[in-house]
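Asks: need a structure here:
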Amino acid sequence: QVQLVESGGALVQAGGSLRLSCVVLHHTYGFYAVGWFRQAPGKECEFLGTSSWSGGGTLYADFVKGRFTISRDNAKNTVSLQMNSLKPEDTAVYYCAAGSAFSNLTTTYTYWGQGTQVTVSS
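Replies: Numbering: from 1, shown residues only. Alright, predicted model coming up:
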């Protein structure tokens with residue numbers, strides 16, 4: 001059973017940066033990509049970006065391009081999300097998820113972490 005554990009969420013001032021980490025435990029073949037999503041209160045889960053586990057590339061939502069960067073360290077089974085120039089509207093619970101497709105669709109991700117809270121103050 002694949003398990004994902006996020007960390008790094010915090011309270012940060014607008015304009016600041018934060019780095020979230022996602023450790024993938026007990027991963028097995030057939031698991032192709034790790035994506036990052038977020039959900040703010042009263043809003044739907046929102047795709048941020050995804051990274052191919054085998055090194056096939058990354059895909060980002062248009063609204064995070066230039067601000068958020070996904071990196072992967074396979075030796076440490078870790079996928080990170082670097083967030084710069086944070087805004088109050090970035091406040092949400094951030095999740096990483098593992099799935100069998102290189103996709104922006106939540107339905108293609110089978111395994112989800114517990115989430116980590118990011119709060120951006122103005």
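Asks: ok, now which ones touch the spatially most central residue of the chain?
Replies: Nearest to the mean C-alpha position of the chain, by CA atoms, centre = their mean, lies residue 36 at 2.3 Å. Residues near residue 36 by CB atoms under 8 Å, 6 or more residues apart in numbering: 20, 22, 48-50, 68, 70, 79, 81, 94-97. C-beta here means a position set from N, CA and C on the backbone, and glycine is covered the same way.
Asks: greatest separation within these: which pair is it?
Replies: Greatest spacing in these, by CB to CB: 68 and 97 (15.6 Å).
Asks: the two: who's more crowded?
Replies: residue 97 (23 against 20; other CB atoms under 10 Å).
Asks: and that one, how close does it get to residue 22?
Replies: The spacing between residue 97 and residue 22, counted by CB to CB, to the nearest Å, is 9 Å.
Asks: any shared contact partners between the two?
Replies: Contacts common to residue 97 and residue 22, judged by CB under 8 Å, 6+ apart, are 4, 34, 36, 113.
Asks: and which of the residues you listed is nearest residue 101?
Replies: Within the shared contacts of residue 97 and residue 22, the smallest distance to residue 101 is 11.6 Å, found for residue 34 (CB to CB).
Asks: please name the bridge partners of that closest one.
Replies: For residue 34, the residues forming beta bridges with it (DSSP bridges) are residue 51, residue 98.
Asks: what is the burial count for it?
Replies: If you count neighbours by other CB under 10 Å, residue 34 ends up with 28.
Asks: give the contact list for it.
Replies: Residue 34 touches 4, 22, 24, 50, 51, 53, 72, 79, 96, 97, 98, counting by CB under 8 Å, 6+ apart.
Asks: re the thing from before, what helix or strand does the residue nearest to the centre of the chain sit in?
Replies: Element membership of residue 36, judged by DSSP states H and E, is strand 33-39.
Asks: buried sites along that strand?
Replies: Of the residues in strand 33-39, 33, 34, 35, 36, 37, 38 count as buried by neighbour count, 16 or more other CB atoms under 10 Å.
Asks: neighbours around the residue lying closest to the last one once chain neighbours are set aside, how many?
Replies: When you say that, I think you mean residue 38. Spatial nearest neighbour of residue 38, excluding adjacent residues (CB to CB, 6 or more residues apart in numbering): residue 92 at 3.9 Å. Under the neighbour criterion other CB under 10 Å, residue 92 is assigned a count of 22.
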